[in-house]
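In: The following block contains a protein sequence and its predicted model.
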Amino acid sequence: TAPGAACAWHGFATALCGIISLISLAVLSYERCCTMTRTAEPDTTNYRKAWAAIILSWTYSLLWTVPPLLGWSSYGPEGAGITCSVNWHSRDANNTSYIICLFIFCLVIPFAIIVYSYGKLLCAVRQVS
């Protein structure tokens, strides 16, 4: 049977919060790297970049969590059926392609940005000391 609307909403909200967390960490690490390796003084009175980063993070996360509501994969019960999440169990092409894209664009790429940013920052700190 198809999962109910409450389960789909729970799965969507859970996925959105998880993805927004990782995307926000990637954006913050990149911003921290740029701020610390730049020679110019940062402009602390201009919040335009901060708002742009927040809007970009939420938009990117929504782009990856809305498709299951529209038919590219789905949200459904997971584990013992107590919580709902992305349908990890179905092996059809529609679902598998979504899971692969989710893995690459919402885990691998943000993680790579975090590793790159903090690696570059670590190298900059070592050069100074």
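Out: Right, received. Where do you want to start? Everything numeric in this text was worked out from a predicted model, so none of it was measured.

In: what bits of the protein have low per-residue confidence?
Out: Filtered on pLDDT under 70, the chain yields the residue ranges 1-3, 39-40, 42-44.

In: which stretches of it form strands?
Out: In the chain, the segments counted as strands under DSSP state E are 75-78, 83-86.

In: need the ones you listed in CSV with mean neighbour count and distance to Y118, can you?
Out: Yep, even glycine has a C-beta here, placed from its N, CA and C like the rest. Shown next, in CSV, are the strands of the chain (neighbours: other CB atoms under 10 Å; distance: least, CB to CB, whole Å):
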stretch, mean neighbour count, distance to Y118
strand 75-78, 20, 32
strand 83-86, 19, 28
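
In: Tell me where the longest helix sits in the chain.
Out: Counting residues, the longest helix in the chain under DSSP state H turns out to be helix 5-37.

In: hmm, back to that, how about JSON lines for the strands of the chain, with distance to T14 added?
Out: Shown next, in JSON lines, are the strands of the chain (distance: least, CB to CB, whole Å):
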{"stretch": "strand 75-78", "distance to T14": "9"}
{"stretch": "strand 83-86", "distance to T14": "6"}
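
In: nearest to L56, of those?
Out: strand 83-86 (22.3 Å; CB to CB).

In: Contacts for that closest one, please.
Out: Residues outside strand 83-86 that contact it (CB atoms under 8 Å, 6 or more residues apart in numbering): 3, 7-8, 10-11, 14-15, 68, 73-78, 98-99, 102.

In: what's the closest of the strands of the chain to R48?
Out: strand 83-86 (33.9 Å).

In: Note down every partner strand of the closest one and its orientation.
Out: strand 75-78 (antiparallel) (DSSP bridges).

In: Centre of the chain to stretch 112-124, how far?
Out: Computed by CA atoms, centre = their mean, to the nearest Å, the chain-centroid distance of stretch 112-124 equals 18 Å.

In: So for it, what gets flagged as buried?
Out: By neighbour count on 16 or more other CB atoms under 10 Å, the buried set for stretch 112-124 is 113-114, 117, 120-121.
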